[in-house]
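> generate a structure from the sequence data that follows.
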Amino acid sequence: MRYISIDILRAVAIVLMVLVHFMENLGGADWAPAGVGAPLFTFLAGVSYRLWLDSQEEKQRPAHEITATSVRRGLFLFALGFAFNVLVWLPEDAFNWDVLTLIGTALLLLCAIRDMPLLVPVSGVLVALACGPVLRALADYDSYWTEGYFDPDWTWGQLTLGYLATGYFPLFPWVAYPLAGFVTASLFFVPGARAPTGRAMVLGGALVALAVALVIVHPYLPEAVRANVLKGWTMFPPSIEYTLGTLGFALFALAALHRWLDPKGGRFAETRFVRVAGLFSKYSLSMYLFHHIVHLWPVWVYGAFAGDTTTQYWRSALPVWATIPLAAVCLATGYALFAWIDRTKRASVETLMRRVCG
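This next block holds a predicted model:
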């Protein structure tokens, strides 16, 4: 069963990521909403896995088959993350630990704990949020980002630290988002039960309010606190304020949309807006890969032929104002492409994953 709330939020995540990546990677802009898309995307990965589990259990699929498919899908996304880094970014970025390697790991973890009490993933969320700042401090996070991007040596120690704490999307604290999504879906999408959306909205709103309050008081805190504990609103590294605020937003948004839109799904299902959102949601993985290819490959090719280095025009290829209409063109092109794929039943990355993994 598809839920309008999930389709809308996943479409919002994709649109934000496309817009932000065009503005940042082509124009060098640092835009505040840049940090919202990835948390939504990873949070909804946990939601979707819970719903997929429910559908498999309704079909009375054996537990060992569910485990096998889950493991294969997790490994597929993990491997796809490496291929993405090498082929879409550059070979030297193979161990950047992108969002795909994070989601692949999260699926493996969720598979392992899927039948455990909800206290287990809830505890995992708290541990991930608490351990992130501690591990970054122990690993000396800033030493890996001296040029404004993650640049480790290819040693087992540094690569392991990148995966756990210092990469772009390290396990700590980012695994908190899919774990939280899994818990939320376990409470919201129970047949015959009333979803606790009101309490979830209160909790989500409280987390956002707390994050905003911490950002406001940040300039007045002691230097030691600002340097080591509360760093303000930053995605790299994912500060306490950032993780609390974005997690709260994801929880509040899903609770609100599930409460107000999903019960009226039939009334809105055929509206243009919902159809567009549903298509972007259905092909979100493909769109994630597609938009990176169409805006990064031209930069690398032009840099290789016209510049001193392949990456010379990264973050400086265009003025920021020009990147916004290009992002809109990318979204429109992607919609047309995936509408054609959907209509003609052509293969996509999603169908490839289903065929390979089950």
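> CA atoms for contacts and neighbours, from now on please.
Will do.
> pLDDT of the top helix by length along the chain, averaged?
Assignment by DSSP state H gives helix 320-344 as the longest helix of the chain. For helix 320-344, mean pLDDT rounds to 97.
> just checking, what packs against that helix?
helix 4-21, helix 272-282, helix 284-306 (3 or more C-alpha pairs under 8 Å, 6 or more residues apart in numbering; DSSP states H and E).
> what is the shortest one packed up against?
Same thing as helix 272-282. helix 4-21, helix 320-344.
> same question for the first one.
Contacting helix 4-21 under the criterion 3+ C-alpha pairs under 8 Å, 6+ apart are the following elements: helix 37-58, helix 240-260, helix 272-282, helix 284-306, helix 320-344.
> can you show me the CA trace of the third one as CSV?
Only the C-alpha atoms of helix 272-282 are listed here, as CSV (Å, rounded to 0.1, in the frame of the first residue of the first chain):
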residue,chain,number,x,y,z
ARG,A,272,-1.6,16.3,-10.3
PHE,A,273,0.6,17.1,-7.3
VAL,A,274,0.2,13.7,-5.7
ARG,A,275,0.9,11.9,-9.0
VAL,A,276,4.1,13.9,-9.5
ALA,A,277,5.1,13.3,-5.9
GLY,A,278,4.3,9.6,-6.3
LEU,A,279,6.5,9.3,-9.4
PHE,A,280,9.5,11.0,-7.8
SER,A,281,9.0,8.8,-4.7
LYS,A,282,8.8,5.6,-6.7
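> that older thread, just the helices and strands packed on helix 272-282: most buried one?
Most buried of the helices and strands packed on helix 272-282 by mean neighbour count (mean count of other C-alpha atoms under 10 Å) is helix 4-21; its value is a mean of 23.
> could you point out which element follows that one?
Beyond helix 4-21 on the C-terminal side, the first helix or strand identified by DSSP states H and E is helix 27.
> please name the residues that touch the closest residue to residue 41 other than its chain neighbours.
Nearest non-adjacent residue to residue 41, counting by C-alpha to C-alpha, 6 or more residues apart in numbering: residue 13, 5.8 Å away. Contacts for residue 13 (C-alpha atoms under 8 Å, 6 or more residues apart in numbering) come out as 36, 37, 38, 40, 41.
> hmm, 7 Å instead?
Residue 13 sits next to 37, 38, 40, 41 when contact means C-alpha atoms under 7 Å, 6 or more residues apart in numbering.
> cool, residue 197 as well?
Residues near residue 197 by C-alpha under 7 Å, 6+ apart: 255, 256, 259.
> any chance of these in CSV, plus pLDDT, neighbour count and distance to residue 213?
Listed next are the contacts of residue 197 as CSV, based on pLDDT from 0 to 100; neighbours: other C-alpha atoms under 10 Å; distance: C-alpha to C-alpha, whole Å:
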residue, pLDDT, neighbour count, distance to residue 213
255, 97, 24, 22
256, 96, 17, 22
259, 93, 19, 27
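> that's all I had, so thanks and see you.
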